[in-house]
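Engineer: coords please:
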Amino acid sequence: MARYPANHKTQTRERILQTAGRRFRRDGLDGAGVASLMSDAGLTNGAFYAHFDSKEDLVGEVVAEQVLRQAQVFEDAAALPDGLERVIDGYLSDRHRDDLAGGCVSAALLSDIARSAPGVRSRYTGAARRMIDAFRCLAGLPTTAEDAVVLSRLALLIGSLQLARAIDDPVLRESLLAESRRSVRLLIDSDRSRGDPTRREEHS
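Structural biologist: Numbering: from 1, shown residues only. Just a heads-up that it's a prediction; the model follows:
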């Protein structure tokens with residue numbers, strides 16, 4: 001009998017999550033069944049149930065993990081002096097626009113998640129709370145900044161990317177990305193001013 005390393009099951013589960021994440025972002029949550037997802041991971045159908053109870057369970061795990069990965073990107077960028085600029089420019093870029101399978105899970109799957117089972121939406125919401133906290137820190141907003149305010153800034157990034165992917169007019173989509181980069185910076189600067197009495201005085 002073949003011997004596997006102690007972390008073999010963990011590695012296999014991670015491989016399934018990563019390959020399923022790419023397939024879901026590219027083709028949508030209904031774009032592939034269990035057989036196709038496992039084939040992508042180089043595994044048999046039978047191996048699926050050693051890791052997940054159902055496709056819905058897998059979807060919830062993939063969605064949550066991918067959102068947490070996005071939060072980690074924000075957290076890492078927050079440690080850089082130009083982290084916010086890098087994130088805005090990278091998120092609203094031609095490269096990200098064209099990288100459907102490897103890009104932000106929210107931009108790729110929000111409409112699918114909205115139609116998903118309550119358990120999937122609950123897991124997305126739970127992971128999104130960390131993403132909100134991470135973006136609040138990245139944007140330099142006060143801890144008192146409401147989640148809805150932070151989320152609305154994220155929504156501008158996400159929605160702009162979705163529109164840029166849908167539009168086939170290259171001039172219009174480039175203008176959209178540029179204007180959205182400008183708009184989110186202005187909004188965040190305004191948010192910072194409201195949270196800093198010194199800056200409020202400067203702007204008055």
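Engineer: longest helix in the chain, by residue count?
Structural biologist: Secondary structure of the chain per DSSP state H: the longest helix is helix 170-195.
Engineer: residues near L68, how many?
Structural biologist: By other C-beta atoms under 10 Å, 16 other residues sit near L68. The C-beta positions use only the backbone N, C-alpha and C, and glycine is treated the same way.
Engineer: wait, what's in contact with it?
Structural biologist: A127, R130, M131 (C-beta atoms under 8 Å, 6 or more residues apart in numbering).
Engineer: which helices and strands sit right next to the longest helix of the chain?
Structural biologist: The contact analysis (3 or more C-beta pairs under 8 Å, 6 or more residues apart in numbering; DSSP states H and E) places helix 170-195 against helix 83-91, helix 94-98, helix 147-166, helix 197-203.
Engineer: Recalculate using a threshold of 10 Å.
Structural biologist: The helices and strands touching helix 170-195, judged by 3 or more C-beta pairs under 10 Å, 6 or more residues apart in numbering; DSSP states H and E, are helix 83-91, helix 94-98, helix 118-138, helix 147-166, helix 197-203.
Engineer: Direction-wise, compare the longest one with helix 147-166 and give the angle.
Structural biologist: Translated: helix 118-138. Orientation note: helix 118-138 sits at an angle of 100 degrees relative to helix 147-166 (axes from the mean of the first three to the mean of the last three C-alpha atoms, to 10 degrees).
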